[in-house]
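Q: what follows is a protein structure lacking sequence information:
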Ligand SMILES: [Zn+2]
């Protein structure tokens, strides 16, 4: 652990990080990319006496480098902090990577492999996987997630993901995206294990009257008529449509 001259630790407390994410709209204040670092801007860390969320910005590694090397001015970040990119466009974005192999979807207790439409709801694909347009290019994964009230929180379009800034919290750590709809209320934990797998580790999602609840190796689906399916350790392989609701 490193401390500055005022005895302030480099480690920013979790609740301060969350306030910074919320203010910045969950992505780089300058360009809106969703893989970010926390940077003390004004004052800089060496001069900071506290971890003030108003003084810390989310920056993607590239924008961070431009500022640290002084390729770009500090004024550029301060301007962006007043009007963060994600707050302007409404989402933070980044890309998944599914090179060479047809990605599998692990959806709670269900593993869907080699399925172009792993899950379909009311006749429409909830997730769709297309082969590469050119050989050697990535497979193209699309889909969406909603929260427990049916509000869309994450959209994936041909591998580009967009996490909407009106969520309560979006946190990207390593390979995992966690979205909360209130304090300590997680409705999505999505982990990618490239190039092969998309893993829905936790989910509480409502879509068209259907509720999907996933937790580890368990999936519960409640239909609008109240009928419940509970699935664990299920595999669908080589189906045009894996599961249809
Ligand atoms: Zn950036």
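A: Received it, and whenever you're ready, just let me know what you need. Source: prediction; values computed, not measured.

Q: tell me the buried residues in stretch 133-140?
A: Of the residues in stretch 133-140, those buried under the neighbour-count criterion (16 or more other C-beta atoms under 10 Å) are 138-140. Backbone N, C-alpha and C define where each C-beta goes, glycine included.

Q: what about that stretch, average pLDDT?
A: On average, the pLDDT along stretch 133-140 is 90.

Q: can you tell me the closest non-neighbouring residue to the most centrally placed residue in the chain?
A: Centroid check for the chain by C-alpha atoms, centre = their mean gives residue 177 as the closest residue, at 3.7 Å. Of all residues beyond its chain neighbours, the one nearest residue 177 is residue 190 (4.8 Å), with distances taken as C-beta to C-beta, 6 or more residues apart in numbering.

Q: got the residues of the protein near the ion?
A: Counting by C-beta under 5 Å from the ion, the residues of the chain close to the ion are 28, 30-31, 33, 60, 63.

Q: ok so, going back, just name the closest of the buried residues of stretch 133-140 to the ion, please.
A: Sorting the buried residues of stretch 133-140 by distance to the ion puts residue 138 at the head of the list, at 22.2 Å, by C-beta to the ion.

Q: packing partners for the one helix or strand the residue nearest to the centre of the chain maps to?
A: Secondary structure assignment for residue 177, by DSSP states H and E: strand 176-182. When contacts are defined as 3 or more C-beta pairs under 8 Å, 6 or more residues apart in numbering; DSSP states H and E, strand 176-182 sits against strand 152-157, strand 160-164, strand 169-173, strand 185-193.

Q: can you redo those as JSON lines with mean neighbour count and mean pLDDT?
A: Formatted as JSON lines, the helices and strands packed on strand 176-182 follow (neighbours: other C-beta atoms under 10 Å; pLDDT from 0 to 100):
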{"stretch": "strand 152-157", "mean neighbour count": "19", "mean pLDDT": "98"}
{"stretch": "strand 160-164", "mean neighbour count": "21", "mean pLDDT": "98"}
{"stretch": "strand 169-173", "mean neighbour count": "18", "mean pLDDT": "97"}
{"stretch": "strand 185-193", "mean neighbour count": "19", "mean pLDDT": "97"}
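
Q: please convert the ones you listed to CSV, extending it with distance to residue 74.
A: Shown next, in CSV, are those (distance: least, C-beta to C-beta, whole Å):
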stretch, distance to residue 74
strand 152-157, 32
strand 160-164, 27
strand 169-173, 25
strand 185-193, 34
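
Q: return the residues in contact with residue 157.
A: The contact partners of residue 157, by C-beta atoms under 8 Å, 6 or more residues apart in numbering, come to residue 142.

Q: from the ion, how far off is it?
A: For residue 157, the distance to the ion (C-beta to the ion, to the nearest Å) stands at 20 Å.

Q: tell me the bridge partners for that residue.
A: Note on residue 157: beta-bridge partners residue 160, judged by DSSP bridges.

Q: how near is the closest residue to residue 121 other than its chain neighbours to residue 152?
A: If the residues on either side of it in the chain are set aside, residue 121 comes closest to residue 245, at 5.1 Å by C-beta to C-beta, 6+ apart. Taking C-beta to C-beta, to the nearest Å as the measure, residue 245 falls 17 Å from residue 152.

Q: wait, doesn't residue 86 sit right on residue 24?
A: Yes - under the contact definition of C-beta atoms under 8 Å, residue 86 touches residue 24, with a separation of 6.5 Å.

Q: what touches both of those two?
A: Residues touching both residue 86 and residue 24 (C-beta under 8 Å, 6+ apart): there are none.

Q: for the helix or strand hosting residue 142, packing partners?
A: Using DSSP H and E, the secondary-structure element containing residue 142 is strand 140-146. Based on contacts counted as 3+ C-beta pairs under 8 Å, 6+ apart, the elements that strand 140-146 packs against are strand 127-130, strand 152-157, strand 185-193, strand 197-207.
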